[in-house]
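*Asks:* Build me a model from this:
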Amino acid sequence: MQIAKRIENLPPYLFVTISRKIAEKRARGEEVISFGIGDPDLATPSHIIERLCQAAKDPANHRYPESEGLPELRQAIAQWYQQRFDVGLDPNAEVLPLIGSKEGIGHLAWCLLNPGDVALVPDPAYPVYSISTTLADAEPYYLPLRPENGYLPDLGAVPQTILDRAKILWICYPNNPTGAVADTAFFDRVVAFAKQHDIIVCHDGPYTEVAYDGYRPPSFLQAVGAKEVGVEFHSLSKSYNMTGWRVGMVVGNSQVIDALKRFKSNLDSGIPQAIQLAAVEALTGPQDELTLHNNIYQRRRDLMVETLRDMGLEVLLPKASLYVWAKVPPGYDSAGFASELLEQVGVVVTPGTGYGKAGEGYVRLSLTIPDASLVKGLSRLSAWKGTLGRSKNR
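*Replies:* Numbering: from 1, shown residues only. This is a model prediction of the structure:
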């Protein structure tokens, strides 16, 4: 039996490897506290679950859904964008529900890239941007995100030979993994860049509703002309703690939406309708729990940043996202530091190199961990300071 080369050459997904290491230690009876995966530990709001249960009892929702999603959900998404960002969307042409935004992100490369084309991919970044590009027999060209530039890509540094082949630009703000944010002035520059070079912008924005200290992240689609050049992916996973329900959306340019809709119609049968109706409830129902959840994450953020700084790590206080991006101590690389924390104190952090070469020298920690485990994990990290001191003296 021979497996396709695209699969043979496919690296394991970052968090599969991390989960395997955790399972191995737990199988040995060791307690492991993980700051690795950004999977909200807080429950889906009860009114959303109630709507899901009601819909699940209706036989009409037991049948095949449609790939393009229920009209009620597309309308709810358009209404939410109008209210939240003052962005108008045609629910029939500019909105497409997804089986989680990861599914749409992964499939979009097949819709927009031909073999030999180039996708401009930030580094560090969510691995799916580059992996999907490679699976589509196209080529990722990496745009380093540097702290001195606010973790924004230097679009002016892309060589003309690459621009001649580039078809897609991926961006993500609030950013995963760095927690950096972007303003509408940056999005305006992205639109101008895309128009100049005939490039489609794909903005991954699932963290706009996870923000702190009164900050309200903008949407890429708020930039003038954004719908002419691109789309935005969003998700209910982080905003409403619905990662397990798998529901998200892509909105914006109608041609891109249509291409992905046609692709999906040949591969999947859409989101189960009961989950779609729960998503409608999430988007149109009470929004007060978002503030409560963000208050919890903000408190966790403050505790984590305080602990890491006390350890001597360089950490910026993130204004949004579920992550803290920390520079590893002198004498360590990302993988070595993450490995030592796991082996010495049973704490999991994600090495920055899991998100690209430019992530070297950093680790990512997630805030999606119950308070008791968070306190215990931070206590272990604080105790590790002695190990750090001995390491410096060796």
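
*Asks:* For the rest of this, base every contact and every neighbour count on C-alpha atoms.
*Replies:* Will do.

*Asks:* Show the contacting residues for the most centrally placed residue in the chain.
*Replies:* Nearest residue to the geometric centre of the chain (Cα atoms, centre = their mean): N176, 5.4 Å. The neighbourhood of N176, defined by Cα atoms under 8 Å, 6 or more residues apart in numbering, consists of 125-126, 321, 323.

*Asks:* quick one, phi/psi of the nearest residue to G346 once chain neighbours are set aside?
*Replies:* The shortest distance from G346 to any non-neighbouring residue, by Cα to Cα, 6 or more residues apart in numbering, is to V32 (4.8 Å). Torsion angles at V32 (phi, psi; degrees, to the nearest 10) stand at phi -120, psi 130.

*Asks:* Now that V32 has come up, it's in contact with E343, right?
*Replies:* No. Using Cα atoms under 8 Å, V32 makes no contact with E343, being 9.7 Å away.

*Asks:* who's more crowded, these two?
*Replies:* Taking neighbours as other Cα atoms under 10 Å, V32 and E343 compare with V32 leading, 19 against 13.

*Asks:* what residues are up against the more buried one?
*Replies:* 22, 25-26, 342, 346-348.

*Asks:* The residue nearest to the centre of the chain falls within a helix, correct?
*Replies:* No. Counting by DSSP: H, G, I helix; E, B strand; the rest coil, N176 is not part of a helix but coil.

*Asks:* how much space between it and G252?
*Replies:* N176 sits 21 Å away from G252 when distances are taken as Cα to Cα, to the nearest Å.

*Asks:* So what would you say the end-to-end distance of stretch 104-124 is?
*Replies:* 20 Å.

*Asks:* How far away from the center of its chain is it?
*Replies:* Centre-to-centre, stretch 104-124 and its host chain are 16 Å apart (Cα atoms, centre = their mean, to the nearest Å).

*Asks:* what's the answer for stretch 91-109, then?
*Replies:* 14 Å.

*Asks:* now swap in stretch 184-191 and tell me
*Replies:* With Cα atoms, centre = their mean, you get 20 Å for stretch 184-191.

*Asks:* With stretch 290-298 instead?
*Replies:* 18 Å.

*Asks:* Buried residues in it, which are they?
*Replies:* 290, 293-295, 297-298 (16 or more other Cα atoms under 10 Å).

*Asks:* Show me what the longest helix seen in the chain packs onto, helices and strands only.
*Replies:* Determined from DSSP state H, the single longest helix within the chain is helix 288-310. Secondary-structure packing of helix 288-310 (3 or more Cα pairs under 8 Å, 6 or more residues apart in numbering; DSSP states H and E): strand 314-315, strand 323-327, helix 371-383.

*Asks:* Pick the most buried one from the ones you listed.
*Replies:* Of all these, strand 323-327 carries the top mean neighbour count, a mean of 24, counting by mean count of other Cα atoms under 10 Å.

*Asks:* domain parsing for this structure?
*Replies:* 5-43+288-393, 46-284 (automatic domain parsing).

*Asks:* Quote the end-to-end distance of the last one.
*Replies:* Distance between the boundary residues of domain 46-284 (Cα to Cα) amounts to 14 Å.

*Asks:* what's the answer for stretch 307-316, then?
*Replies:* Stretch 307-316 end-to-end distance (Cα to Cα) = 13 Å.

*Asks:* Could you list the buried residues of it?
*Replies:* 307-308, 311, 313-316.

*Asks:* Let me know the closest of the residues you listed to L145.
*Replies:* Relative to L145, the closest of the buried residues of stretch 307-316 is L316; by Cα to Cα it sits at 14.7 Å.

*Asks:* For the closest one, give me its contacts.
*Replies:* L316 neighbours (Cα under 8 Å, 6+ apart): 305, 324-326.

*Asks:* Could you single out the nearest of the residues you listed to G36?
*Replies:* For the contacts of L316, the nearest to G36 is V324 (10.8 Å; Cα to Cα).

*Asks:* number of nearby residues for the closest residue to that closest one other than its chain neighbours?
*Replies:* Leaving out its chain neighbours, the residue that sits closest to V324 by Cα to Cα, 6+ apart is L365, at 5.2 Å. Neighbours of L365 under the rule other Cα under 10 Å: 24.

*Asks:* any idea how far G205 is from D333?
*Replies:* Distance from G205 to D333, by Cα to Cα: 29 Å.

*Asks:* That should have said A185, apologies.
*Replies:* 34 Å.

*Asks:* Quick one: the strands in the stretch 101-250 of the chain, in order.
*Replies:* 118-123, 139-144, 166-171, 200-204, 230-235, 248-252 (DSSP state E, counting those that start in this stretch).

*Asks:* Redo these as a markdown table? Include mean neighbour count.
*Replies:* Output for the strands of the stretch 101-250 of the chain, formatted as a markdown table (neighbours: other Cα atoms under 10 Å):
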| stretch | mean neighbour count |
| --- | --- |
| strand 118-123 | 26 |
| strand 139-144 | 21 |
| strand 166-171 | 24 |
| strand 200-204 | 25 |
| strand 230-235 | 26 |
| strand 248-252 | 26 |
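
*Asks:* just the contacts of L316 now: which is nearest I168?
*Replies:* Out of the contacts of L316, the member with the shortest distance to I168 (by Cα to Cα) is W325, at 26.3 Å.

*Asks:* quick one on the thing from earlier: kindly reformat the strands of the stretch 101-250 of the chain as JSON lines containing distance to A78.
*Replies:* Formatted as JSON lines, the strands of the stretch 101-250 of the chain follow (distance: least, Cα to Cα, whole Å):
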{"stretch": "strand 118-123", "distance to A78": "28"}
{"stretch": "strand 139-144", "distance to A78": "32"}
{"stretch": "strand 166-171", "distance to A78": "22"}
{"stretch": "strand 200-204", "distance to A78": "17"}
{"stretch": "strand 230-235", "distance to A78": "12"}
{"stretch": "strand 248-252", "distance to A78": "9"}
